[in-house]
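Visitor: the sequence and its predicted three-dimensional model are supplied below.
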Amino acid sequence: MDSDDVVAYYSIAPTQVERSELTGGQAGGFSIVPAYLLTRFALDRSIHGRGLSDDLLLDALQVITKAASAAGGRLIVVDAINSQVAAYYQRRGFQPIKGDPLRLVMKVETAKRALNTGTMTVSAESGLGVAGIVLSTPRGDAPVVATPDEVRAIVSELENRADAAQPITVHALVEVITTALGRDPFTVD
């Protein structure tokens with residue numbers, strides 16, 4: 001495979017869904033619901049089985065949620081080619097519309113929450129002088145080793161941000177850790 005070969009891709013297009021095809025919660029009071037269609041979602045067979053479809057889906061959801069923040073839109077729509085693909089999307093939070101088990105939707109707000117969900121776990125053994133921090137995100141775990149002073153700096157930075165009454169997103173956690181450590185521990189040189 002050449003470095004110029006396309007091995008994964010997707011397309012996004014604005015669309016709309018009729019209220020009659022949706023549940024009340026999906027429609028949200030609209031008679032015609034503005035949406036984004038995620039289509040042509042595919043990976044080359046040579047990279048199947050590596051979990052890369054989830055990375056590609058997360059990337060698509062990030063693009064769609066940014067577009068929806070700028071231009072509006074309530075739903076993300078996918079048209080599965082078969083029941084196996086529909087099951088893949090259902091395991092990731094998409095729900096079939098009324099009368100068509102291969103057409104599935106997810107609220108944009110649900111995608112935003114999923115993308116911003118993360119946890120930070122800190123563990124330390126006495127006498128080692130370092131702590132392990134694991135930031136778990138939808139894209140996977142990101143481990144960091146920090147000194148006790150660095151852990152205190154991270155906690156202090158989190159407390160400062162909590163006072164600002166803004167939600168602590170995964171992006172904000174990365175920013176907090178990077179600011180507190182004075183370096184980006186998530187970028188490999």
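Guide: That came through, no problem.

Visitor: contacts only, for Lys107.
Guide: Lys107 sits next to Gln26, Gly28, Arg74, Leu75, Ile76 when contact means CB atoms under 8 Å, 6 or more residues apart in numbering. For every residue, glycine as well, the C-beta is placed using N, CA and C.

Visitor: next step: the residues you listed restricted to helices.
Guide: Gln26 (DSSP state H).

Visitor: whichever of the contacts of Lys107 end up buried, select them in PyMOL.
Guide: What follows is the PyMOL syntax for the buried subset of the contacts of Lys107, where burial is set by 16 or more other CB atoms under 10 Å:
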select buried, resi 26+74+75+76
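
Visitor: low-confidence ranges, this protein, go.
Guide: 1-3, 51, 116-119, 125-127, 137-139, 162-171, 187-189 (pLDDT under 70).

Visitor: tell me where it has strands.
Guide: 8-18, 32-43, 75-79, 95-97, 100-107, 119-124, 131-137, 140-146 (DSSP state E).

Visitor: any chance of the contacts of Lys107 in a markdown table with distance to Tyr9 as columns?
Guide: Shown next, in a markdown table, are those (distance: CB to CB, whole Å):
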| residue | distance to Tyr9 |
| --- | --- |
| Gln26 | 27 |
| Gly28 | 30 |
| Arg74 | 25 |
| Leu75 | 22 |
| Ile76 | 17 |
